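Asker: Dropping a prediction and its sequence here:
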Amino acid sequence: MNQGGTLRAVTRALERDIDLDGFAGHDGYLFVRDGIGLAGRGVARRVLIADAQQCLESIDSVDDVKGPGSGPVALGCLPFLPDSEGELVIPEVVVGRGPDGSRWITAVTATGSEPPTDLEPAALRSSSAASFTVTPGVAVEHYLRAVAEGRDAVRRGDLDKVVIARDVLVESDQPLDRAAILARLRASFGSSYRYLVDGLIGASPELLVARSGPLLRSHPLAGTAPRVGEPTADARLAAQLMASVKNQVEHRVVIDVMEDTLLPWCSYLDWEAEPSIVAVANVQHLGTRMEGRLRDPAPSVLQLARALCPTPALGGHPRRKALELIARWEGMERGRYGGAVGWVDAEGNGAWAVSIRCAEISGRRARLFAGGGIVGDSDPEAELAETQAKFQAMLSAIVRP
C-alpha cells in the first residue's frame, strides 16, 4: 500500500468480459448494478473525502479508454452526519464495465506498471453450515417511542418530516462470507446497486446522484409498501401506496429538496410529474427520476453527493431540526448507514447510491439497519412493520444457507 509519494495509473481495454463480483471477492471493493460498475482489489492509497478529488487529479494517468470510471478512481462511503469526515479508497487494481459494454482494467502504483493479466476471481473462502442469533440493537419499545416523538414534532409544525431508524444484530458461529452474501444479493436484488466497501455490504435501490460528463441523474425514493410475491396482492398494495397521502407527502418533501439543491448547478433539471412504483424483491417504493445538464464548469459528483447527503429520505426536513431530533431520540449511531456509497474518477464522473439495505460485517457479526420517514399521519406500529420488511433484504442474504 502506497500512502505517500507519486502514484501513476495505467488503464487498458479488456477484450474479454469479467465477473465484477468474483473479482472483488470477500475483501475487495464493489459498486455494480445490472453488471455495470467497478470492482477493485488492494489499496493504493486512502484519502480523506475532502481531499479525494484533488488526489485523483494529481495522479499521472495513461488511459486508453477515456470514459467515466476509467483511470484512477476512489470508492467509499459518505457518513450519515454531514459534518463527519471519512475516507475513500483508491484501489491498486480496478476492473470496470460501462453501459456501452466497454471493459477496462486500471493499475495504480508508484511505478506505473502495466495492469495485471491474471484476472481470476478472488479465492473463495471455505464455508460450512452455520447457526445464527438475531437480536434487536435499539429496543423495539424505544423505537416506537422515537417514532411517536417524531410524529408529534411534525404535528406541532416543528418540522416537515423526520426519518427514524433502528438496528438488529446478527451473530453466527462461523465467520460471515461477504462474497457469498453478495452472490445472494445478486440473485434477489440484481437491479439494485450492490456494494462492498470496508465491511459495509448492501443492495440499495436508490440512486442519490450520478454524473457522466455534463449529464446528471438521480432517482430518489420515499414512501414504502411491502410486496408479498403474489401479483394481484402486490398490485393492490402498489395502488394503495400511490393513493396514500402520508406517503405522497413524504415523497414530495424529498423531491422538493433535491430540486432546490441541484438546480443551482444545472442549466436545466427535469423530473417526472408523478412518482412511479419501484419494486424490489421484498418491498416497493415511490420513485421519481430526475435528469439534468450541469453548467460549466461542472461540479464533481462527489461535491454533489456531499451537498445532498443525507437526503430527506434518510434524515428529514428541515435537515438541522431533523438531525437534532434523531440525535435526541433514535438511540444509536448510524455511522455509514443513511449516507451514500459510490465512486468518483479524476474527471469528477461517478455514481453514488444511498447506503440503505445494508449491514456492517466484521468476523462473525453483522449489524443491519432499517428506517422510515415519519410525518403527521405516521403510525408507530405500521412503521415498525415497514422496518421489518426492509430488514428482510439483508437478513435473507446473511442467514440463508
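Answerer: Okay, I see it.
Asker: Isn't residue 153 up against residue 159?
Answerer: Yes. Here residue 153 reaches residue 159: they are 5.9 Å apart, a contact under Cβ atoms under 8 Å. From N, CA and C alone the C-beta is placed, and that goes for glycine too.
Asker: what residues do these two have in common as contacts?
Answerer: Common contact partners of residue 153 and residue 159 (Cβ atoms under 8 Å, 6 or more residues apart in numbering): residue 325.
Asker: mind showing which ranges of the stretch 1-150 of the chain have poor pLDDT?
Answerer: Applying pLDDT under 70 to the stretch 1-150 of the chain flags the ranges 1-4, 123-129.
Asker: Where do the helices of it begin and end?
Answerer: Taking DSSP state H, counting those that start in this stretch, the helices of the stretch 1-150 of the chain run over residues 20-24, 52-58, 140-155.
Asker: With distance to residue 86 and mean neighbour count added, can I get those in JSON lines?
Answerer: Below are those laid out as JSON lines (distance: least, Cβ to Cβ, whole Å; neighbours: other Cβ atoms under 10 Å):
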{"stretch": "helix 20-24", "distance to residue 86": "20", "mean neighbour count": "23"}
{"stretch": "helix 52-58", "distance to residue 86": "10", "mean neighbour count": "19"}
{"stretch": "helix 140-155", "distance to residue 86": "25", "mean neighbour count": "18"}
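Asker: The ones you listed: which one's closest to residue 8?
Answerer: helix 52-58 (10.7 Å; Cβ to Cβ).
Asker: Give me the neighbour count for residue 190.
Answerer: Using other Cβ atoms under 10 Å, residue 190 is surrounded by 15 other residues.
Asker: can you tell which of the helices of the stretch 1-150 of the chain is closest to residue 102?
Answerer: Closest approach to residue 102 among those is made by helix 20-24 (13.5 Å; Cβ to Cβ).
Asker: Run through who's touching that closest one.
Answerer: 30, 32, 35, 37-41, 95, 97, 119, 121-122, 179, 182-183, 186, 194, 196.
Asker: Out of the residues you listed, which end up buried?
Answerer: Using 16 or more other Cβ atoms under 10 Å as the burial test, the contacts of helix 20-24 include 30, 32, 37-41, 95, 97, 122, 179, 182, 186, 194, 196 as buried.
Asker: Got the phi and psi for residue 267?
Answerer: Backbone torsions of residue 267, given as degrees, to the nearest 10, read phi -80, psi -30.
Asker: Residue 47 reaches residue 74, doesn't it?
Answerer: Yes. With contacts counted by Cβ under 8 Å, residue 47 reaches residue 74, the gap being 6.5 Å.
Asker: These two - which one has more neighbours?
Answerer: A count of neighbours by other Cβ under 10 Å puts residue 74 above the other of residue 47 and residue 74, at 28 against 19.
Asker: Tell me where the stretch 301-401 of the chain has strands.
Answerer: Along the stretch 301-401 of the chain, the stretches classed as strands by DSSP state E, counting those that start in this stretch are 316-317, 340-345, 350-354, 358-362, 365-374.
Asker: helices and strands around the shortest one, which ones?
Answerer: Right, the one you point to is strand 316-317. When contacts are defined as 3 or more Cβ pairs under 8 Å, 6 or more residues apart in numbering; DSSP states H and E, strand 316-317 sits against strand 161-172, helix 319-329.
Asker: quick check: mean pLDDT across the first one?
Answerer: When the per-residue pLDDT values of strand 161-172 are averaged, the result is 96.
Asker: before we move on, the earlier item: export the helices of the stretch 1-150 of the chain as JSON lines, with columns for distance to residue 102.
Answerer: As requested, those are arranged in JSON lines below (distance: least, Cβ to Cβ, whole Å):
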{"stretch": "helix 20-24", "distance to residue 102": "14"}
{"stretch": "helix 52-58", "distance to residue 102": "20"}
{"stretch": "helix 140-155", "distance to residue 102": "46"}
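Asker: Of all these, which one comes closest to residue 205?
Answerer: Of all these, helix 20-24 comes closest under Cβ to Cβ, at 18.0 Å.
Asker: Filter the contacts of helix 20-24 down to the ones in strands?
Answerer: Using DSSP state E to define strands, the subset of these located there is 30, 32, 37-41, 95, 97, 194, 196.
Asker: Relative to residue 163, which of the residues you listed is nearest.
Answerer: Using Cβ to Cβ, residue 194 comes nearest to residue 163 of the ones in strands among the contacts of helix 20-24, at 22.7 Å.
Asker: The closest one and residue 63: what is the separation?
Answerer: 26 Å (Cβ to Cβ, to the nearest Å).
Asker: just residue 369 next, same as before
Answerer: From residue 369 across to residue 63, the span is 37 Å (Cβ to Cβ).
Asker: do residue 243 as well
Answerer: Per Cβ to Cβ, residue 243 is found 50 Å from residue 63.
Asker: which of these two has more neighbours?
Answerer: Each of residue 243 and residue 63 has its neighbours counted (other Cβ under 10 Å); residue 63 has more, 18 against 9.
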